[in-house]
Every structure is written in C-alpha cells, then in structure tokens.
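>>> sequence plus the predicted model coming up.
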2 protein chains.
Amino acid sequence: MADPYDVDILVEGVLAGRRLQLARAITLVESSRPDHRQRARLLLQRLLPAAGQAVRVGISGVPGAGKSTFIDALGSRLVRAGHKVAVLAVDPSSSRTGGSILGDRTRMAELAASDNAFVRPSPSGGQLGGVARATRESMTVLEAAGFDVVIVETVGVGQSEVAVGDMVDTFLMLALARAGDQLQGIKRGILERVDVIAVNKADGDQAGEARVCARELRGAMRLMTGDSAKAPEVLTCSALTGDGLDEVWEKVTAHRAALVEAGSLAQRRADQQRSWLHTLTESELLDALRSSPQVRAARAEVEAGMTDGTVSAPEGSQRLIETFYA
Amino acid sequence: MADPYDVDILVEGVLAGRRLQLARAITLVESSRPDHRQRARLLLQRLLPAAGQAVRVGISGVPGAGKSTFIDALGSRLVRAGHKVAVLAVDPSSSRTGGSILGDRTRMAELAASDNAFVRPSPSGGQLGGVARATRESMTVLEAAGFDVVIVETVGVGQSEVAVGDMVDTFLMLALARAGDQLQGIKRGILERVDVIAVNKADGDQAGEARVCARELRGAMRLMTGDSAKAPEVLTCSALTGDGLDEVWEKVTAHRAALVEAGSLAQRRADQQRSWLHTLTESELLDALRSSPQVRAARAEVEAGMTDGTVSAPEGSQRLIETFYA
C-alpha cells in the first residue's frame, strides 16, 4: 500500500484541491507523533507560498446561541455566492470519535454536503496548545487548497477564544437574548477581542427581545471599551430564517476592509506569525520538559519535600532544571 | 570587608529579626545574578521551616483609590494591636532609585517609622515574572523574621493582580466612588479573584456617594459571580478618618478563618507552592531559551524568512529548538 502521508503526493493533491489528500494533510498536521510532526513541517513549508489569502473569521458564542446552525446557514450562503468555505474548530474538551465526526457533519448538514465546503471538527488532544496548533496549521493547508473563507469555531470557555483571536482577522460573537444575563454569559477576556456581535434567534416571538438585548449589549460594550468608535458592532439575526445574515457578513468584511485600508491587516498577520513562532518554540521546549521521565521522577521527589517543608520551590526548580539538562 | 551576603550570617540575622540582615536578604532574593540566585536558593531553603505563618493579604485598587494611605492607616492599627506588619509590592512598571525608596517611605510615613513594620517598594526588573518571583521569595524571608501580617500591594493593571492572587490568602480591592464607571475601572480578570472590596474615601461629602457605589458594586458582583454566596463582601471605609478600617480587617480575617475552617487554606497554599514550582522551573528554562545569543541570532534569520514567506512557523521553531539544544 502506498504511504498515505507521502509529502510530495499530499502537496500536489492539496494544491489541486483534492479532498482525499486535503483530509489526509489535515490528519497529518493534527498528529503529535514526532515522525508526523517532521513531515507536517515539510508539508507546511511547501504549502506556505500558496496560503494566506483567505478571510479568516473566528466565531464564538454562549452555549445554545446556535453556532452550528448559524455557521451552516452563513456558510451555505457564502458557497452559493461563489466562495469556498472551510470550517475548523478549537475545542480542547472534544474527544473525537467516528461518531462525532458524523455528528459534526449532521449538525452542519447543508454545508457539509457541498463540494465547495470543508467541515472539520476540532482536533482532540486535550491541551489547548496542541488543539490550537493543529487548527492553525490546518488553516494553512485549507488556504493552500483554495478555500477563501476560513471560519474557526470555538466553544466559548475563555482561553480558546484568546487562541482563536490570535489566528483570525475578525472575531464574531453570537449572543442570545435572555434578559438579565448578557454580561454573565460572556467571558470577560473575550469582550476585548470581539469585533462584531450578532444576537441570534431574532425570529418569531423572540425578535423583540433580541432587539432589546442588542441595545443593552451595545450600551455595555461602549461602557466597557470606554470609546464608542472602538466598540464592536452589535446586530440581530436569525440563522433559522436567514434574516440579518447578509448584514452580519457585511460587518465582518467591512471590519476586515478597514484593517486592509489602514494597512493593519498585513501588520496584524505578521504579528500573529511572530507570536506564533514564539509560542510554538516555547511550547515545544516545555513539552520536552514535561514529558521527560527523569524530570517527572524528580518532580515527585521535590513535591514530597515541599510538602514536608524540607525543600523550597527555588531549590526544587533548580533540581528539576539540572535533571532536564543532564 | 565582610561578605554582605554570607548565607550563615543572613539566616541568623533574619531569624533574630535584625533589620540589616533582613534588608540584605531581600536584596539578595531580588537579584537575578546567577551567583546571587545560587545563594538565595540556599538562604530560602534554610528559612523555609520558619516561614508560612503569616496572614497574607493582597491589596489592589484603581489609581487614586488611596492604596498608600489605606495601607499606612491599616498597617499602623495592626502594629498598635501587636502585629508585625510587612508591606511588599508587585509593580513591574516601577524602576527603583534611591529617590523612590525614600518616596515609598514617605508615602507610608507612619508605618515606615515603626520598628514593627517593614515597608519595601516593588523590586524593579521590568518583567512581571521576575518581580513576582522576588516578592514571593521576600515573603518567605519576612515570615521567617517573624512578620505575622504580610501585605502585598499591586498596581492595578491586570496581570500583576493575577500573580499576587497566586501568593496570598485573601485579596482585598480598594474602589473609589465615582458614579458610572465602577465597572470600567476594575480590570475584569481581577474580579474573579477578589475576596473583599472596600470603597475608600467614604468621608465628608463623599460618604453618601461611597455608600451608593458600594451598593452598585454589590449588585454587579452578584450578577457577575452568578452566586451571591460566592460574591465578595463590599464595605465602605475611610483611610483618612479611620472609619470602617476595623470592619475591613474583620472581613479579611473572617475570609481567611473560613478557609482554615473548611480545611482549604493548607490546600490553597500547597496548590500555590506546586504551581509556583512549575512556574519557576518553566520560567527558568524559557529564560535560558530567550537569553541564548545563538537562539537570538537564529530567530532574526527565521523571522526574516517568515516575512519573505519562505519559512513556515513550524519549520522556524524547529530550527530554534535545534539551535538551543546544540
């Protein structure tokens, strides 16, 4: 049997937009096996010149805000308008099985059935760092395959949003009209990174409530940013009826166009790349520290000594570093 | 001339509560010189059995909230009640000079003049990690010298509070009555770590406004924690007149007593120690990475390649890691 991860074949297949090689290339960059990492680096190195052209959008939202339905509806519209749309996810809590891939296809049924869309569930892997790395590298693969809209979905638990904010051009948050707890449902660290807010499910009986919620959020955003020019746009929409989806997409592209006009998109992406280089380098070194069996054994001893009160933290850390270098 | 950093002399002097050796010991743990670090580790290792008994309180607040006056007034009361009170600070923005040490003594004039108090300005050093390390280690020195109340002041810019929250038992925030921007002035990441809030300057014409502010903050805290039992206590006080200071201290000690009663103080401190061990170990390794001249030279090349689009971040990070190990 041919090697499924032959880098030459993968590069050629991805650049030609063939789904089999595309899926395999993403599986390769998701892997943390050292030999796979080695090949993934070669692959990404060769795909890089063809990547970087997509509109990169992060989408977050409180549980129940209807992210899947929204992405399905928005993505399908974009496909009909001639775009190639990829959907990735960052969800460190997911543990992928065959079943949940199917689940992911089911929950974005229309989009997943399209030849011009590619829906990929979050890589599993437990730690946010690993999941974010895989998603970021998958983005490069998908851009090289000609996807011009990349949507990165996140689970809405705080740190994931920060990671996604570091890889997209524009961050869209879905909110839900539920009187009284608009602020409570939104993790505070996220608010500072949001560019557009859409109050979803603005349909039927809930349309009025959604408008009230949007008005309240608009006020809260102005208060919190302390500068209404910098406050994110707040809209209402309904993924169910499609109302407002075009307007939301307009705000997303307008935000990005403003970045381009100000010359700050290139700068933002260069900054993201540099920060990404540092994150990767440091996380690889710390992985080596954490996975060293010698360090792990020494750590158990040091922690026992700290519990006894016989070892101080500075002394203990010195021992661990010496063990690592040895 | 005798070696001012002789570890035997420092240990003996600190345990006897002598101020000269105390000050020198703190200067030693604040230093980042490798030979000083080596001695500091020995020193801390020997002082550790005598440390750990103090009430550790973090104090933060918006600029203008009157932190210095508050700490001066509260600390002086505690000294009069028989306590030995140490005041440390975490302020990565400070660049200490002879002048600002004097400044620090001036701004806490009463406390600084007391034999049973020790006021130390923030170590300078630029990076939060280094400043937090020095403060944490100074805390051990001061506890070994018999200080039973250690107050750690922080500047109110976000990350410093998180670092201080990881080294104290109870976190007190000073707020200021200024209608309308209570939420804006408080960094959002801090709210989750605050145990007690005191609205200061509740005196003269401002007393009523302070009470209104306290009521608003109480409501906001309940909304944000989503659980009124977990919401921090909110009080008013005046560092100027002394009104309410005893009540604030009661809430601080009551919070700590509840931790002790629930058996969670020992657990919290053990967790802090373990997390501190990991932080120290990882930061020392990353320091070595960042300060390597070979890695720095390679990074400049890699970043140039990334700007050209000829080097991917995964490839670049691999090169940097190989350079570091070489």
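Looks like it arrived, so ask away. Numbers count the residues shown, from 1 in each chain, chains lettered A, B, ... in the order given.

>>> CA only for contacts and neighbour counts going forward, please
Will do.

>>> can you classify A:Pro92 by secondary structure?
coil (DSSP: H, G, I helix; E, B strand; the rest coil).

>>> correction: A:Arg37
Secondary structure state of A:Arg37, per three-state DSSP, is helix.

>>> flag the shaky bits of chain A, pLDDT-wise.
Residues of chain A that meet the criterion pLDDT under 70 lie in A:1, A:93-106, A:125-126, A:156-158, A:178-190, A:227-228.

>>> what ranges does it have for its strands?
Listed in chain order, the strands found in chain A under DSSP state E are A:55-61, A:85-90, A:117-119, A:149-154, A:170-176, A:196-200, A:233-236.

>>> a markdown table for those, including distance to A:Glu284?
Shown next, in a markdown table, are the strands of chain A (distance: least, CA to CA, whole Å):
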| stretch | distance to A:Glu284 |
| --- | --- |
| strand A:55-61 | 25 |
| strand A:85-90 | 19 |
| strand A:117-119 | 28 |
| strand A:149-154 | 23 |
| strand A:170-176 | 27 |
| strand A:196-200 | 34 |
| strand A:233-236 | 38 |
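
>>> with mean neighbour count as added columns, please give those in JSON lines.
Below are these laid out as JSON lines (neighbours: other CA atoms under 10 Å in any protein chain shown):
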{"stretch": "strand A:55-61", "mean neighbour count": "24"}
{"stretch": "strand A:85-90", "mean neighbour count": "26"}
{"stretch": "strand A:117-119", "mean neighbour count": "21"}
{"stretch": "strand A:149-154", "mean neighbour count": "25"}
{"stretch": "strand A:170-176", "mean neighbour count": "26"}
{"stretch": "strand A:196-200", "mean neighbour count": "26"}
{"stretch": "strand A:233-236", "mean neighbour count": "24"}
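
>>> okay, those in CSV with distance to chain B next?
What follows is the strands of chain A, written out as CSV (distance: least, CA to the nearest CA, whole Å):
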stretch, distance to chain B
strand A:55-61, 17
strand A:85-90, 19
strand A:117-119, 23
strand A:149-154, 19
strand A:170-176, 17
strand A:196-200, 19
strand A:233-236, 19
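
>>> quick one: which of those strands is nearest B:Ala298?
strand A:55-61 (29.8 Å; CA to CA).

>>> the closest one packs against which elements?
The contact analysis (3 or more CA pairs under 8 Å, 6 or more residues apart in numbering or on different chains; DSSP states H and E) places strand A:55-61 against helix A:67-80, strand A:149-154, helix A:159-165, strand A:170-176.

>>> and B:Glu233, which of these is closest to it?
helix A:159-165 (27.8 Å).

>>> for that closest one, list every residue counted as buried.
A:159-161, A:163-165 (16 or more other CA atoms under 10 Å in any protein chain shown).

>>> again with stretch A:113-126
For stretch A:113-126, the neighbour count (16+ other CA under 10 Å) marks A:114, A:116-125 as buried.

>>> which other residues reach stretch A:154-172?
A:55-63, A:89-92, A:128, A:132, A:136, A:152, A:187-190, A:193-198, A:252, A:255-256, A:265, A:268-269, A:272 (CA atoms under 8 Å, 6 or more residues apart in numbering or on different chains).

>>> dump the C-alpha coordinates for that stretch into CSV.
In CSV, the C-alpha atoms belonging to stretch A:154-172 read as follows (Å, rounded to 0.1, in the frame of the first residue of the first chain):
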residue,chain,number,x,y,z
THR,A,154,-14.7,28.0,19.3
VAL,A,155,-16.5,26.6,22.3
GLY,A,156,-16.9,29.7,24.4
VAL,A,157,-14.9,28.8,27.5
GLY,A,158,-12.4,31.7,27.6
GLN,A,159,-8.9,30.6,26.7
SER,A,160,-9.9,29.0,23.4
GLU,A,161,-11.2,32.4,22.3
VAL,A,162,-7.9,34.0,23.0
ALA,A,163,-6.1,31.4,21.0
VAL,A,164,-8.6,31.8,18.1
GLY,A,165,-8.4,35.6,18.3
ASP,A,166,-4.6,35.2,17.6
MET,A,167,-5.3,33.4,14.3
VAL,A,168,-8.2,35.2,12.7
ASP,A,169,-8.7,38.6,11.1
THR,A,170,-12.1,39.3,12.6
PHE,A,171,-13.8,37.9,15.6
LEU,A,172,-17.6,37.4,15.6
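
>>> surely A:Leu285 meets B:Ile321?
Yes: judged on CA atoms under 8 Å, A:Leu285 makes contact with B:Ile321 at a distance of 7.1 Å.

>>> which bits of the stretch 1-150 of chain A sit near chain B?
Taking CA under 8 Å from any CA of the partner chain as the test, the list of the stretch 1-150 of chain A residues beside chain B reads A:41-42, A:44-45, A:48-49.

>>> take those residues and lay them out in TSV including neighbour count.
As requested, the residues of the stretch 1-150 of chain A next to chain B are exported to TSV (neighbours: other CA under 10 Å):
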residue	neighbour count
A:Arg41	23
A:Leu42	17
A:Leu44	25
A:Gln45	19
A:Leu48	20
A:Pro49	15
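
>>> and of these, the nearest to B:Asp72?
Nearest to B:Asp72 among the residues of the stretch 1-150 of chain A next to chain B, with distances taken as CA to CA, is A:Arg41, at 57.8 Å.

>>> excluding chain neighbours, give the residue nearest to A:Leu286 in space.
If the residues on either side of it in the chain are set aside, A:Leu286 comes closest to B:Glu282, at 6.9 Å by CA to CA, 6 or more residues apart in numbering or on different chains.

>>> what of A:Arg46?
Closest to A:Arg46 by CA to CA, 6+ apart is A:Val11, at 7.1 Å.

>>> what do you get for A:Pro121?
Closest to A:Pro121 by CA to CA, 6+ apart is A:Ala89, at 5.7 Å.

>>> correct me, but that neighbour touches A:Thr135?
Yes: contact status for A:Ala89 versus A:Thr135: in contact at 7.0 Å, counting by CA under 8 Å.

>>> okay, and the common contacts of the two?
A:122-123.

>>> list the contacts of A:Arg319.
Counted by CA under 8 Å, 6+ apart, A:Arg319 has contacts A:Ala298.

>>> count the neighbours of A:Glu247 for me.
14 (other CA atoms under 10 Å in any protein chain shown).
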